[in-house]
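S.K.: Pasting the sequence and the predicted model now:
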Amino acid sequence: QVRLLESGGGLVQAGGSLRLSCTASGRTFSRNTMGWFRQAPGKEREFVSAIIWTGSTFYGDLVQGRFTISRDNTKNTVYLQMNSLKLEDTAIYYCAVHISGTVSYASAYNSWGQGTQVTVSS
């Protein structure tokens, strides 16, 4: 059974940083594209970032230049370094395994984690 566990969320002041982790278990994901999405209250799930197994990365327009995705295949873990956090970054952040299709579409993923809350305060 595939399981994804996100961690690293919390409360941070605007301008601060957090690093999220997503550890996968059940099988290796070294050849999978992995993605991060977020969902704020009352809003649709939004693409944040994705990393191909080759190391190529993709970012949503709202986080480009502030967030960095990386992976450690030896640990079956994907990271999301979030810098210069803004109030509008407040959301639950989810990681997921890409199966097929456009990496910025939530429908292209399965095996979602439970999410980790990120709250940015002023």
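M.R.: Received, thanks. Keep in mind that this is a model prediction, so the values were computed, not measured.
S.K.: Would you confirm that Ser100 contacts Tyr109?
M.R.: No. With contacts defined as CB atoms under 8 Å, Ser100 does not count as touching Tyr109, sitting 9.4 Å away. Backbone N, C-alpha and C define where each C-beta goes, glycine included.
S.K.: more neighbours, these two?
M.R.: Set side by side, Ser100 and Tyr109 give different neighbour counts by other CB atoms under 10 Å, the larger being at Tyr109 (24 against 10).
S.K.: List the residues that contact the more buried one.
M.R.: Gly35, Phe37, Ala96, Val97, His98, Ile99 (CB atoms under 8 Å, 6 or more residues apart in numbering).
S.K.: On the three-state scheme, the nearest residue to Gly8 once chain neighbours are set aside is what?
M.R.: With CB to CB, 6 or more residues apart in numbering as the criterion, Gly8 has its nearest non-adjacent residue at 4.2 Å, and that residue is Leu20. Each residue gets one of three states, and Leu20 gets strand by DSSP: H, G, I helix; E, B strand; the rest coil.
S.K.: Ends of stretch 52-67, what's the gap?
M.R.: Taking CA to CA, to the nearest Å, the first and last residues of stretch 52-67 lie 16 Å apart.
S.K.: list the buried ones in it?
M.R.: By neighbour count with 16 or more other CB atoms under 10 Å, stretch 52-67 contains the buried residues Phe58, Tyr59, Gly60, Val63, Phe67.
S.K.: would a markdown table of those with pLDDT, secondary structure and distance to Gly113 be doable?
M.R.: Conversion of the buried residues of stretch 52-67 to a markdown table gives the following (pLDDT from 0 to 100; DSSP: H, G, I helix; E, B strand; the rest coil; distance: CB to CB, whole Å):
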| residue | pLDDT | secondary structure | distance to Gly113 |
| --- | --- | --- | --- |
| Phe58 | 98 | strand | 19 |
| Tyr59 | 98 | strand | 19 |
| Gly60 | 97 | coil | 18 |
| Val63 | 98 | coil | 18 |
| Phe67 | 98 | strand | 17 |
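S.K.: Tell me where this protein has strands.
M.R.: For the chain, strands defined by DSSP state E occupy the ranges 3-7, 10-13, 18-25, 34-39, 46-51, 57-59, 67-72, 77-82, 91-98, 109-110, 116-121.
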